[in-house]
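Peer 1: Just need the structure, nothing else, for what follows:
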Amino acid sequence: MTTPKELTANDSIKTWLTHPVGGPIIRDLLAQAGQDPDVLKPVHRLALKRLVKLSKGSFSQEMVDDLVARAAAGDVPEGAPEAAPVEEADEAEAEPTGLPDVEVPMWEERIDSGRFSGQTIIVTGAGSGIGRATASRIAREGGRVIAVDVSQERLDEFAAEFPAADIVTLVADITDDAKVAEIVAAAGDRIDGLANIAGIMDDMTPLGDLTDAVWERVMRVNVDGTMKLSRAVIPAMLSQGKGSIVNTASEAALRGSAAGVAYTTSKHAVVGLTKSTAFMYAPYGLRVNAVAPGPTITNIEASFASPLGAQRVRQAMAILPDAAEAEALAASITFLLSDDGVNVNGVVLASDGGWSAT
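Peer 2: Model (predicted):
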């Protein structure tokens, strides 16, 4: 009989769940909390240690250390659910490929020290999710960050994480012209980049069920806010003959099956805004691109206000790839913001784990 490998915090959640010792331990822990192992399916490729950050305190480092110690000691609770393969039904139905069954290595963020040195970058939605991951990476790579969010508490938490970094926090609604002016003033005379990441989801309603309130709110934040702040930074960028704007589109900008009609329309509009602006200002040193995220672990949650919307969107989402961490999207965004993206303009970069290829 083969001795099972010794588990560590660097092993994936899937490895833990399918391990003859780790599986029963972690399944018993989930059962005590009234949770099914399926709750971990969206993140099953991530290392167990990543749960500390993703859970925002509900899964502590002490709990990770305890799980590793218990697995090493073979401390399987009596009556604990046995280990079973994640997605075992899918695997049973899959056709054999002839390819080896190996665990894909996990991506690790690699900081490029000094990539944003001397640059001022505005990041909206900087208090959480993709915005926070982007602002964090820019700060750690030497940039001055104008961190914008609607929550002072989230901004304070972000700034406290990097006390030595050059971070200016500003609570602002990007749809408010006066606040947009404050953001530009906080940046000062030089604005090297703008990451338009703040945005909201709709309630997955199709056109027949859509309310004016949902339409107007989603379009105001996702389209009007993106337009207003982009418009406001262009004069500074033109005066210095250089600047990079990265807008956040979505898979909903590339297909009709990822969200409701309001969100889908708003993200298609962001693509139009991106391409037109890139074309108009390309001769003057401005680059304007968009990133289209796929499933991403953020604090933006989907809600379903329409039975038809829920049925159709959930059906389409059966082919979703695994959810990515916000840091993976920040890697795409900062590439386009930085001089590494020097020859990229007017592009919608699908950062979606291959969803758009299906």
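Peer 1: Helices of the stretch 151-300 of the chain, residue ranges please.
Peer 2: Taking DSSP state H, counting those that start in this stretch, the helices of the stretch 151-300 of the chain run over residues 152-161, 177-187, 212-219, 226-240, 261-281.
Peer 1: Pick the most deeply packed of those.
Peer 2: Comparing the helices of the stretch 151-300 of the chain by mean neighbour count (mean count of other C-beta atoms under 10 Å), helix 261-281 comes out on top with a mean of 20. In this view, the C-beta of every residue, glycine as well, is placed from N, C-alpha and C.
Peer 1: returning to that earlier point: what I need now is the helices of the stretch 151-300 of the chain written out in TSV, including distance to Asp112 for each item.
Peer 2: Shown next, in TSV, are these (distance: least, C-beta to C-beta, whole Å):
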stretch	distance to Asp112
helix 152-161	19
helix 177-187	22
helix 212-219	35
helix 226-240	22
helix 261-281	24
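Peer 1: least trustworthy helix or strand in the protein by mean pLDDT?
Peer 2: In the chain, no helix or strand scores lower on mean pLDDT, DSSP states H and E than helix 88-93, which sits at a mean of 46.
Peer 1: Would you mind identifying the next helix or strand past it?
Peer 2: strand 120-124 (DSSP states H and E).
Peer 1: who are the neighbours of that next one, in terms of helices and strands?
Peer 2: Using 3 or more C-beta pairs under 8 Å, 6 or more residues apart in numbering; DSSP states H and E, the elements in contact with strand 120-124 are helix 129-140, strand 144-149, helix 177-187, strand 193-196, helix 226-240.
Peer 1: ok, 10 Å please
Peer 2: On a contact count with 3 or more C-beta pairs under 10 Å, 6 or more residues apart in numbering; DSSP states H and E, strand 120-124 meets helix 129-140, strand 144-149, strand 167-171, helix 177-187, strand 193-196, helix 226-240, strand 243-248, helix 326-337.
Peer 1: Quick one: closest of these to Ala262.
Peer 2: Among the helices and strands packed on strand 120-124, the nearest to Ala262 by C-beta to C-beta is helix 226-240 (14.8 Å).
Peer 1: name the helices or strands packed onto the closest one?
Peer 2: On a contact count with 3+ C-beta pairs under 10 Å, 6+ apart, helix 226-240 meets strand 120-124, helix 177-187, strand 193-196, strand 243-248, helix 261-281, strand 286-293.
Peer 1: From the chain's centre, how far out is the third one? Work that out for me.
Peer 2: Average the C-alpha atoms of strand 193-196, do the same for its chain, and the two points are 15 Å apart (C-alpha atoms, centre = their mean, to the nearest Å).
Peer 1: With the last one instead?
Peer 2: Chain-centre distance of strand 286-293: 15 Å, with C-alpha atoms, centre = their mean.
Peer 1: And the average pLDDT for stretch 157-171 is what?
Peer 2: For stretch 157-171, mean pLDDT is 97.
Peer 1: swap in stretch 247-265?
Peer 2: pLDDT averaged over stretch 247-265 gives 91.
Peer 1: And for stretch 20-36?
Peer 2: Stretch 20-36 comes out at a mean pLDDT of 82.
Peer 1: that older thread, any chance of the helices and strands packed on helix 226-240 in TSV with distance to Asp149 as columns?
Peer 2: Formatted as TSV, those follow (distance: least, C-beta to C-beta, whole Å):
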stretch	distance to Asp149
strand 120-124	7
helix 177-187	11
strand 193-196	12
strand 243-248	14
helix 261-281	19
strand 286-293	18
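Peer 1: between the ones you listed, which gets nearest to Ala164?
Peer 2: So among the helices and strands packed on helix 226-240, strand 120-124 is nearest, using C-beta to C-beta, at 17.1 Å.
Peer 1: Strand partners (parallel or antiparallel) of that closest one?
Peer 2: strand 144-149 (parallel), strand 193-196 (parallel) (DSSP bridges).
Peer 1: Which residue, neighbours along the chain excluded, lies closest to Asp340?
Peer 2: In space, and not counting its chain neighbours, Asp340 is closest to Arg115: 7.5 Å by C-beta to C-beta, 6 or more residues apart in numbering.
Peer 1: what about that neighbour, how many neighbours?
Peer 2: Arg115 has 19 neighbouring residues, counting by other C-beta atoms under 10 Å.
Peer 1: Make sure it is actually in contact with Asp192.
Peer 2: No - contact criterion C-beta atoms under 10 Å: Arg115 and Asp192 do not qualify, at 11.6 Å.
Peer 1: Identify the contacts common to these two.
Peer 2: Both Arg115 and Asp192 are contacted by 143, 337-339, under the criterion C-beta atoms under 10 Å, 6 or more residues apart in numbering.
Peer 1: Can I get the buried part of those as one ChimeraX selection?
Peer 2: In ChimeraX, this line selects whichever of those come out buried by 16 or more other C-beta atoms under 10 Å:
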select :143,337,338
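Peer 1: any idea how far the residue nearest to Asp340 is from Ile245?
Peer 2: Taking C-beta to C-beta, to the nearest Å as the measure, Arg115 falls 17 Å from Ile245.
Peer 1: Also Ser266?
Peer 2: 17 Å.
Peer 1: what does His19 give?
Peer 2: Taken as C-beta to C-beta, the span from His19 to Ile245 is 46 Å.
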